[in-house]
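Participant: what's the 3D shape of this:
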Amino acid sequence: MRILRHVWLFESWPTCISSLAPTKIIIDQDKAMQKAIEVVFPTARHMWSLWHIMKQLPEKLKSYKHYEDIKSVLQNIVYDSLTYGDFKDRWNEFINLCDLYNNEWLLGLYDEKQHWVPGFVEDTF
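Facilitator: Sure, this is the predicted structure:
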């Protein structure tokens, strides 16, 4: 049902903006919205809001003993990695060093890196 509401919204959107469909969209990680974008704007490139992701760090990682260090290293990796190879190497080193192999949230983020890591979306946004 949520996907249908998003589809309606996105189908109505072009009539509000001179019939121009967006080529780029930034959203949070809402899966229903992502599916609706794929249906209504199949050629639009969408990115996840980095602000929303970073805002989730305390909720997802605060329970770790060295949370502040983990947060700092993760922010450096995300904001300072300029290439795919650099990000991948630094991410893997981070996961190994901090023993975060089992963190489902981080694993999911890595799998979807093309939607949110600045080095992966730089050519698009």
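Participant: List the contacts of stretch 78-94.
Facilitator: Here stretch 78-94 makes contact (Cβ atoms under 8 Å, 6 or more residues apart in numbering) with 50, 54, 73-74, 76-77, 100, 110, 113, 117-120. For the C-beta atoms, the positions are set from N, CA and C on the backbone; glycine is no exception.
Participant: Now it: buried residues?
Facilitator: The neighbour-count check on stretch 78-94 (16 or more other Cβ atoms under 10 Å) flags 78, 81, 87, 90-91, 94 as buried.
Participant: on that earlier part again, the contacts of stretch 78-94 in helices, which ones?
Facilitator: Helix and strand membership here follows DSSP state H; of these, those in helices are 50, 54, 73-74, 76-77, 110, 118-120.
Participant: ok, those vs Ala44, which is closest?
Facilitator: Distance from Ala44 was checked for each of those by Cβ to Cβ. The minimum falls on Phe120, at 16.4 Å.
Participant: Number of residues surrounding the closest residue to that closest one other than its chain neighbours?
Facilitator: What sits nearest to Phe120 in space, not counting adjacent residues and going by Cβ to Cβ, 6 or more residues apart in numbering, is Gln114, at 4.9 Å. For Gln114, the tally of surrounding residues (other Cβ atoms under 10 Å) stands at 13.
Participant: For Leu61, see how far away Gln114 is.
Facilitator: Note on Gln114: its distance to Leu61, by Cβ to Cβ, to the nearest Å, is 22 Å.
Participant: One more: Asp99?
Facilitator: Shown here: Asp99 relative to Leu61, a distance of 12 Å by Cβ to Cβ.
Participant: Neighbour count for the two, which is higher?
Facilitator: When Asp99 and Leu61 are compared for neighbours, Leu61 comes out ahead with 19 against 9, by other Cβ under 10 Å.
Participant: Let me see the contact set for Arg5.
Facilitator: Arg5 makes contact with Ala32, according to Cβ under 8 Å, 6+ apart.
Participant: rerun that using 7 Å as the cut-off
Facilitator: Contacts here follow Cβ atoms under 7 Å, 6 or more residues apart in numbering; on that basis Arg5 touches nothing.
Participant: Could you check the pLDDT of it?
Facilitator: In the predicted model, Arg5 carries a pLDDT score of 70.
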